[in-house]
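[1] Got a sequence here, can you model it:
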Amino acid sequence: MPRTMWNQSIPLVLALSAVTSSGCASVTPAATPALVASPAVQRTPAPVPAQQDFPLPEIPTRPRWPVGHPVMQGFIGVSAFNEVRVEGDGGGHIDGDEGDLDRLPLIGGGGQWKVGGRGMDLGLEGMLSFSGRADAEAFVIGGGGAAVAVDVDLLVFELFGGPFASLFLGEKLRVYGAAGPLLQFADYEQEGNGLADDGSGFGSGWYARTGLEFTLPSRTLLGFGVRWSDTTVDLGGSLGDLEIDGLQAVVTVSRGI
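    Here you go, the predicted model:
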């Protein structure tokens, strides 16, 4: 190549090199988009419907009666005996239920002691009562059927007791029942139509009773009950045996539960 052309080509080559290098320096690769973690999608829970507050029914609770703890009971009422009869030695008898000797006011009391049981309370009771009447009417009936009216004074003391069962129906109502032997003392006196006589003595028999009681806000139990009994007392002398059987109706008041 001629020197003249070589000298002319050198500046051209250098110019092209400069242009090429400057162009390459200005071209930068496209930035790769950075991977940005997208925030977790927040899901709002579905609204829960508001619950209405309904009052729960109250469950009745039975009163607690500890083992060995006594419940004291008092009562007042009246006797309505089926039979009040005195068998005399002369063949006749004295009939009290034909008059008004079978209706005697009474008062008494005692206690019930729990010895066991869950749900139903079991235990023993001991009671005493007084009943009587003055100037009650009775009839002396002879062997031939003739009846003569007499006035009778009768006083009866009783001591009785035995096993009992008691159950609370909810928190307000108590039902109970008991039965056992009965010891009785009776004092009897009659006069009228020349038939004056008297006697006293001890006897025995059996009883059974039941009742309902309602719990008051003061924890006192108020209720009513009935008792059946059948007893025989030897009055001694010419009067013979006093036989009494029938029912008593009473109003009761108890404390201790």
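[2] where do the strands sit along the stretch 101-250 of the chain?
    Ranges of strands in the stretch 101-250 of the chain, per DSSP state E, counting those that start in this stretch, are 105-116, 120-141, 147-169, 173-191, 197-215, 221-234, 241-255.
[3] residues in contact with stretch 216-223?
    71, 174, 211-215, 251-255, 257 (CB atoms under 8 Å, 6 or more residues apart in numbering). C-beta: built from backbone N, CA, C; applies to glycine.
[4] Next secondary structure element downstream of the helix or strand bottoming out on mean pLDDT in the chain?
    Counting by mean pLDDT, DSSP states H and E, the chain has its least confident helix or strand at helix 3-26, which shows a mean of 51. As assigned by DSSP states H and E, the chain's next helix or strand after helix 3-26 is strand 70-87.
[5] just how off-centre is that next one within its chain?
    Centroid separation for strand 70-87 versus its chain: 25 Å, with CA atoms, centre = their mean, to the nearest Å.
[6] before we move on, what about stretch 134-152?
    On CA atoms, centre = their mean, the centre of stretch 134-152 falls 48 Å from that of its chain.
[7] Use 24 as the first number for this chain going forward.
    Got it, first residue is 24 now, which makes that one stretch 157-175.
[8] now do the same end-to-end measure for it.
    6 Å (CA to CA, to the nearest Å).
[9] before we move on, back to that, lowest-confidence one in the contacts of stretch 239-246?
    Of all those, residue 280 carries the smallest pLDDT score, 80.
[10] wait, doesn't that one sit right on residue 86?
    Yes: between residue 280 and residue 86 there is a contact under CB atoms under 8 Å: 4.9 Å.
[11] now the residue lying closest to residue 257 once chain neighbours are set aside: how far from residue 210?
    Nearest residue to residue 257, sequence neighbours excluded (CB to CB, 6 or more residues apart in numbering): residue 224, at 4.6 Å. Using CB to CB, to the nearest Å, we find residue 224 at a distance of 9 Å from residue 210.
[12] Do I have it right that residue 264 meets residue 227?
    No: the criterion here is CB under 8 Å, and residue 264 misses it with residue 227 at 11.9 Å.
[13] Give the residues shared as contacts by these two.
    When CB under 8 Å, 6+ apart defines a contact, the residues bordering residue 264 and residue 227 alike are residue 255.
[14] In terms of neighbours, single out the busier of these two.
    A count of neighbours by other CB atoms under 10 Å puts residue 264 above the other of residue 264 and residue 227, at 16 against 12.
[15] and that one, what are its bridge partners?
    residue 257 (DSSP bridges).
[16] That'll do, ta.
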